[in-house]
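Peer 1: Predicted model and sequence follow; I will ask about them next.
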Amino acid sequence: MSRLYKVGFERDGETYELAIAWDDAAFADGVVAIDVTASRAKSEHPEDRAELKVTTAVETDGEERPILAIKFQGETVASIPLDELFDESQLIDRIPSFVFGGDPMLGCLVRSGLSASIGQIISCRNETAGVEWVRPRMSEIARCVRGNVPNLCATAAFRAARCSLSLGF
């Protein structure tokens, strides 16, 4: 995965980071897969790092319909057909709580990145409404997401900043 964006802050002797990454080769093939990683380390022991990584992916199901899936440790934990998704909360609310870990700040950072990623995918789906499903439109969605990386990252950073100010809640 190529790193797109990384933002961090310190709070109470711990360093928190949110990183968003994607695979350029996958985007070239019309596959949308965005990794969202939140991590925490003690400022005096940065090698002792806790990390939480979740992937947002546009895939096809058994009926060749595009779906937006959330993957944790390589397994799909939540999904919804892309044409039924109108708001990122529809998918985020389906994610089991164990995915967000026990640290409210890490969970909030992951939700920030997922929300920004899902929102950008929805926006790109809407922008490509005239393109035929499945393969041509998925390629166009991938191009659109890639072209809107600054928006995606700015949204994730804003939401991460809100997390830091609200102590993860």
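Peer 2: On my side now, so go ahead.

Peer 1: can we go C-alpha only for contacts and neighbour counts from here?
Peer 2: Noted.

Peer 1: ok, and the closest non-adjacent residue to the residue lying farthest from the centre of the chain?
Peer 2: The C-alpha centroid of the chain is most remote from residue 44, which lies 29.0 Å away (CA atoms, centre = their mean). Spatially, and ignoring its direct neighbours in sequence, residue 44 is nearest to residue 13 (7.7 Å; CA to CA, 6 or more residues apart in numbering).

Peer 1: residues touching the one you found, list them.
Peer 2: By CA atoms under 8 Å, 6 or more residues apart in numbering, the residues touching residue 13 are 42-44.

Peer 1: Show me which of those has the smallest pLDDT value.
Peer 2: Scanning the contacts of residue 13 for pLDDT, the low point is residue 43. It has 78.

Peer 1: Please verify my assumption that that residue contacts residue 12.
Peer 2: No. Counting by CA atoms under 8 Å, residue 12 is not a contact partner of residue 43; they are 9.0 Å apart.

Peer 1: More neighbours: which of the two?
Peer 2: Higher neighbour count among residue 43 and residue 12: residue 43, with 16 against 7, using other CA atoms under 10 Å.

Peer 1: For that one, give its distance to residue 137.
Peer 2: 45 Å (CA to CA, to the nearest Å).

Peer 1: For stretch 140-160, give me every contacting residue.
Peer 2: Contacts of stretch 140-160 (CA under 8 Å, 6+ apart): 4-5, 7, 18, 20, 27-28, 30-32, 108-109, 112-113, 115-117, 120-121, 124-125, 128, 131.
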